[in-house]
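Enquirer: The sequence and its predicted three-dimensional model are supplied below.
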Amino acid sequence: MKAVKIKPDVYWVGFVDWNLQEFHGYTTPRGTTYNAYLIVDEQVTLVDTVKHYGYQQMMQRIASVIDPGDIDKLVVNHVEMDHSGSFVQFLHDVAGVEVITSPQGRQGLIEHYGATVDDVDFDIVRSGDERSLGSYSVSFVQVPMVHWPDSMVTYVPQLELLLSNDAFGQHIASDGRFDDEVGWGVLEPEAAKYYANIVLPYSERVVGVLDSVGDLAIDMIAPSHGVIWRSHIADIVSCYERWATHQTEPSAVVVYDTMWGSTEKMALALMRGLKEAGIPTVLRSLQTYHRSEVIADVLQSKIVAVGSPTLNRNMLPSVSAFLTYMKGLQPKERLGFAFGSYGWSGESAADVQQIISEAGLQTPEDPLRVKYVPGSDELEDVVRMGQKLAESAADVQQSERQQPGSEGGAAGQRWVCTVCGYVYDPSQGDESADIAPGTEFGDLPDDWVCPICSADRDKFEKE
Ligand code: FEO
């Protein structure tokens, strides 16, 4: 196992996980990669480790460059175990290593690894801090909730190298380490699927991250999953800007499950209406497509239509699972619609519509249901509904997010969540909790919690 030089004195020493097919509920048919990086300087520094079963490969790659015992510092950008899973073993095997991490990173390591962390020599850093390694230095930007409260990125200014951890990642295994060795045509959909399944609920924070790193000179982005960006940096940053601000194509995804084919007939009729109205549409049966694949379609689509027949006064469990997943990922600024067939009680379409609405989608049209098997007149009604949705989509304003101070009266004191870094801005309120712009922090309901990490109000401090 050899290291791969990515910059002068910087090496990829990660682990390619060709066989992984599932990553906490997300299908990964192309496998994945856990990336760690070695900076060889007066102070030899390893940035992140790998999942526990990739530890030996990581150490072999390190040993192809230097004696691992010569490592002086370990940067822990993120505590999630796909990156810190080798932490304890590494500290056991390499004595005297100083661990650089954020305050939340130190706390997370303690909460994951308990007493084994007691004797660790920590160097706690915050955004803007810089450490000299000799010829090079490393600086840090905390990026809470991209992906966890502890998340941080590391920057090497002399090399214009951003070690971005989870941000800009893709779940893909490849023998090429760089984007141009795999190709944008493969990477864009994988990066989109990764964003939709991992990053989407933290889009508000991503906007802040893009602002934070926007002033940095960047020649290379080296994430902790997938390939390293050196030829498509502008492309992937542009995608992140679009996805984080919920910009979508004028397109639709029709998601459904069916029992005896009636809801499927409705799905096909809806697709016909949408297509006749000029809306490119994809059809996704949940019997065939995994929810983590369908979410990638949701990321790109303005219209999300979801259909389920009624079974025992409920929607089908496959649709329920999809909606639960989508609700957690909080897609916004999209138009949702529910439909389905039924035999007698017929609750499913209204129940689907309710969850679509709770997930943050707009639902201008009432749900549509058909008893037993839809006839030709009923299917024509569904076609017309597709055309109507296409018209409604044109009216959905792309940018409902209010800019600071743009609306809502007095922009008062901003408060910061000490757990994840979310900023409550009175001029914006909190749309996810129906808190109107202009609501001061002190006037928030007692049960209001951080919309990002669910911390209580007492975890907030004045900015
Ligand atoms: Fe790749 Fe949030 O861990």
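Expert: Good, I have the coordinates.

Enquirer: all contacts plus neighbour counts: C-alpha atoms, from now on.
Expert: Will do.

Enquirer: can you give me the strands in the stretch 301-450 of the chain?
Expert: 301-307, 310-311, 314-315, 335-342, 368-371, 415-417, 423-424 (DSSP state E, counting those that start in this stretch).

Enquirer: Include mean pLDDT, distance to Arg230 and mean neighbour count when you put those into JSON lines, please.
Expert: Putting the strands of the stretch 301-450 of the chain into JSON lines (pLDDT from 0 to 100; distance: least, CA to CA, whole Å; neighbours: other CA atoms under 10 Å) gives the following:
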{"stretch": "strand 301-307", "mean pLDDT": "98", "distance to Arg230": "28", "mean neighbour count": "27"}
{"stretch": "strand 310-311", "mean pLDDT": "98", "distance to Arg230": "50", "mean neighbour count": "21"}
{"stretch": "strand 314-315", "mean pLDDT": "98", "distance to Arg230": "46", "mean neighbour count": "20"}
{"stretch": "strand 335-342", "mean pLDDT": "98", "distance to Arg230": "36", "mean neighbour count": "27"}
{"stretch": "strand 368-371", "mean pLDDT": "98", "distance to Arg230": "48", "mean neighbour count": "20"}
{"stretch": "strand 415-417", "mean pLDDT": "84", "distance to Arg230": "34", "mean neighbour count": "21"}
{"stretch": "strand 423-424", "mean pLDDT": "84", "distance to Arg230": "32", "mean neighbour count": "21"}
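
Enquirer: Please name whichever of these is nearest to Asp123.
Expert: Nearest to Asp123, of all the strands of the stretch 301-450 of the chain, is strand 415-417, at 22.7 Å by CA to CA.

Enquirer: who touches the closest one?
Expert: 422-425, 441, 450, 455, 459-463 (CA atoms under 8 Å, 6 or more residues apart in numbering).

Enquirer: same deal with stretch 49-69?
Expert: 1-3, 13-15, 17, 34-36, 38, 76, 81-87, 94-95.

Enquirer: Is there a quick ChimeraX command that grabs whichever of the residues you listed are buried?
Expert: Filtering the contacts of stretch 49-69 down to the buried ones (16 or more other CA atoms under 10 Å) takes a single ChimeraX command:
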select :2,3,13,14,15,17,34,35,36,38,76,82,83,84,85,86,87
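
Enquirer: Which residue does the stretch 251-400 of the chain have closest to the ligand?
Expert: Leu329 (14.6 Å; CA to the nearest ligand atom).

Enquirer: quick revisit: in CSV: the strands of the stretch 301-450 of the chain, plus distance to the ligand.
Expert: Shown next, in CSV, are the strands of the stretch 301-450 of the chain (distance: least, CA to the nearest ligand atom, whole Å):
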stretch, distance to the ligand
strand 301-307, 25
strand 310-311, 37
strand 314-315, 32
strand 335-342, 29
strand 368-371, 39
strand 415-417, 19
strand 423-424, 21
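
Enquirer: CSV for the ones you listed, including distance to Glu249?
Expert: What follows is those, written out as CSV (distance: least, CA to CA, whole Å):
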stretch, distance to Glu249
strand 301-307, 6
strand 310-311, 31
strand 314-315, 29
strand 335-342, 12
strand 368-371, 24
strand 415-417, 33
strand 423-424, 29
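
Enquirer: Burial check on Asp118, number of neighbours?
Expert: Neighbourhood size, Asp118 [other CA atoms under 10 Å]: 9.

Enquirer: Please tell me how far it sits from Glu111.
Expert: Look at Asp118 and Glu111: by CA to CA, to the nearest Å, they are 11 Å apart.

Enquirer: so Thr248 sits right up against Asp297, yeah?
Expert: No: assessed by CA atoms under 8 Å, Thr248 is found out of contact with Asp297, at 10.2 Å.

Enquirer: Could I get the phi/psi values of the spatially closest residue to His78 that is not a sequence neighbour?
Expert: Leaving aside its sequence neighbours, His78 sits nearest to Ser151 (CA to CA, 6 or more residues apart in numbering; 4.8 Å). When read as degrees, to the nearest 10, the backbone of Ser151 gives phi -60, psi 140.

Enquirer: is it true that Ser151 touches Asn77?
Expert: Yes: when contacts are counted by CA under 8 Å, Ser151 is listed as touching Asn77 (5.8 Å).
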